[in-house]
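Asks: predicted model, plus sequence, below.
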Amino acid sequence: MNTSADQYFIDGCGRCPLGGTPDCKVHHWTPALKLLRKIVLDCGLSEESKWGVPCYTFRDKNVLIVSALKDYCCLSFFKGSLLNDQKNLLVKPGPNSQAARLFKFTDTDEIIAMESELKAYIFEAIEIERAGLHVTFKKNPEPIPYELEVKFEEDPVLKTAFEALTPGRQRGYLLYFSQPKQSKTKVSRIEKCVPMILSGLGLHDKYKSGKM
């Protein structure tokens, strides 16, 4: 285990206002997250803290992350689309996700029942990295601003959280981010909205909260 990742299981990622409070999403899924952590570490991956969450690597290549969202906790593969998912157990974070695939869990019993299968997926993901395979990306049909694409590349946790939002909430953010002509203004808007997206809230939810 990596001590720098321990903090996530205590206080969360610390990137939204709920971090370090009893309302942090991590506290809703603590037993399940700890079980996922044990399963991943049993497979021999290295543990680091990236983007505020536990990230698991093979030869310094990102393989998967374990994290909590509003309605579930998950084990998310960076190159999940390359996995041989014959039973269709993996899901896309959002309809336009091209690489990431994840397992969603809402209780520990689900994880216990799937432990052997989870390990099989993890070992396959390791072999994908060992072979140096890459996902071939197609042009995203959604008009996502370049600045947001860059942010997603830097922060896959944010990308997963954004794609977990309802289509209406996603569209609201995309319109808001796309409005300014200057790139620096778009970046500023994106940065200000990151805590809301990580909290599973939409742009109008923020307006209602009186924080914007």
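Replies: Cool, the structure landed. Numbering: from 1, shown residues only.

Asks: what about residue 182, how many neighbours?
Replies: Residue 182 sits with 8 neighbouring residues when counted by other Cβ atoms under 10 Å. Just so you know, the C-beta spots here come from the backbone N, C-alpha and C atoms, and that holds for glycine as well.

Asks: what does residue 108 give?
Replies: Residue 108, neighbours per other Cβ under 10 Å, totals 17.

Asks: distance of it from residue 120?
Replies: Distance, residue 108 to residue 120, using Cβ to Cβ, to the nearest Å: 19 Å.

Asks: same question, residue 173
Replies: Residue 173 is 36 Å from residue 120, by Cβ to Cβ.

Asks: which of the two has more neighbours?
Replies: Each of residue 173 and residue 120 has its neighbours counted (other Cβ under 10 Å); residue 173 has more, 21 against 14.

Asks: and the pLDDT for that one?
Replies: Note for residue 173: predicted pLDDT of 94.

Asks: a helix runs through it, doesn't it?
Replies: Yes. Assessed by DSSP: H, G, I helix; E, B strand; the rest coil, residue 173 belongs to a helix.

Asks: so what's the spatially closest residue to it that is not a sequence neighbour up against?
Replies: Spatial nearest neighbour of residue 173, excluding adjacent residues (Cβ to Cβ, 6 or more residues apart in numbering): residue 203 at 5.5 Å. With contact taken as Cβ atoms under 8 Å, 6 or more residues apart in numbering, residue 203 is in contact with 169, 172-173, 176, 193, 196.

Asks: now with 10 Å?
Replies: 165, 168-177, 189, 193, 196-197, 212 (Cβ atoms under 10 Å, 6 or more residues apart in numbering).

Asks: report the contact partners of residue 143.
Replies: 171, 174-175, 178.

Asks: and the gap between the residue lying farthest from the centre of the chain and residue 145?
Replies: Here the centre of the chain is the reference, and by Cα atoms, centre = their mean the most remote residue is residue 181, at 29.0 Å. Distance, residue 181 to residue 145, using Cβ to Cβ: 12 Å.

Asks: now do residue 103
Replies: According to Cβ to Cβ, residue 103 and residue 145 sit 30 Å apart.

Asks: quick one, strands of this structure?
Replies: Assigned by DSSP state E, the chain shows strands spanning 46-50, 53-58, 61-68, 73-77, 101-105.

Asks: winner for burial among those strands?
Replies: Using mean count of other Cβ atoms under 10 Å, the stretch among the strands of the chain with the largest mean neighbour count is strand 73-77, at a mean of 25.

Asks: in stretch 21-31, what's buried?
Replies: Neighbour-count burial for stretch 21-31, with 16 or more other Cβ atoms under 10 Å as criterion, is recorded at 24-29.

Asks: can I get the CA coordinates of that stretch in PDB?
Replies: The C-alpha trace of stretch 21-31 is given here as PDB (Å, rounded to 0.1, in the frame of the first residue of the first chain):
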ATOM      1  CA  THR A  21     -16.400  16.200   5.900                       C
ATOM      2  CA  PRO A  22     -18.900  13.400   6.900                       C
ATOM      3  CA  ASP A  23     -20.700  14.100   3.700                       C
ATOM      4  CA  CYS A  24     -17.800  13.200   1.400                       C
ATOM      5  CA  LYS A  25     -18.800  10.500  -1.100                       C
ATOM      6  CA  VAL A  26     -15.900   8.200   0.100                       C
ATOM      7  CA  HIS A  27     -17.700   7.600   3.400                       C
ATOM      8  CA  HIS A  28     -20.700   6.200   1.700                       C
ATOM      9  CA  TRP A  29     -18.600   3.400   0.100                       C
ATOM     10  CA  THR A  30     -15.700   2.900   2.600                       C
ATOM     11  CA  PRO A  31     -15.900  -0.900   3.000                       C
END
